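**Student:** build me a model from this:
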Amino acid sequence: MLSETLKEVVMAPHRFSLVRTEAEWLARLTPEQYTVMRRDGTEMPNSCALLHEMRAGTFACAGCDQPLFESKLKFESGTGWPSFTVPVQGSVEEEVDHSHGMVRTEVHCATCGSHLGHVFPDGPPPTGLRYCINGVALNFTPA
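**Tutor:** Numbering: from 1, shown residues only. Next comes the predicted model:
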């Protein structure tokens, strides 16, 4: 697991085009969003209304409103978290995550650096990827 100091270096604010102070993040996000998005937490499975959102539209970062996923690429994975096959081009960044005694690929917003979830190689065709995203990290805008 990355130490908090190392994580702060890896997630250095200058790396992202949108930078907020901790006070600004705390004012913008709910406590659950802050835990997930700024402290790499995970929401409880099946706890977010966006899990069942299937209308046409766009899912954006709750931290900065960057469009992240189109609803046409959302699918029911049975995992309890919103799942997508591919993000909007250039909207997310990925890095290796060694937390919880396993190796996973973390997904975060390319604009503000907020933790979104993880990507796994067990999704449907054509990509074979499953972007497993915390619903509280998303805002939905219908088409």
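
**Student:** gap between the spatially most central residue of the chain and residue 125?
**Tutor:** Centroid check for the chain by C-alpha atoms, centre = their mean gives residue 116 as the closest residue, at 1.4 Å. Applying C-beta to C-beta, to the nearest Å, the value for residue 116 to residue 125 is 23 Å. For glycine as for every other residue, the C-beta is placed from the backbone atoms N, C-alpha and C.

**Student:** likewise residue 133?
**Tutor:** 20 Å.

**Student:** same question for residue 19.
**Tutor:** 38 Å.

**Student:** which one's more surrounded, the two?
**Tutor:** residue 19 (12 against 6; other C-beta atoms under 10 Å).

**Student:** give me the pLDDT value at the more buried one.
**Tutor:** Note on residue 19: pLDDT of 88.

**Student:** what strand or helix carries it?
**Tutor:** For residue 19, there is no enclosing helix or strand under DSSP states H and E.

**Student:** coming back round to it: my guess is the residue nearest to the centre of the chain contacts residue 133. True?
**Tutor:** Yes: between residue 116 and residue 133 there is a contact at 5.1 Å, judged by C-beta atoms under 8 Å.
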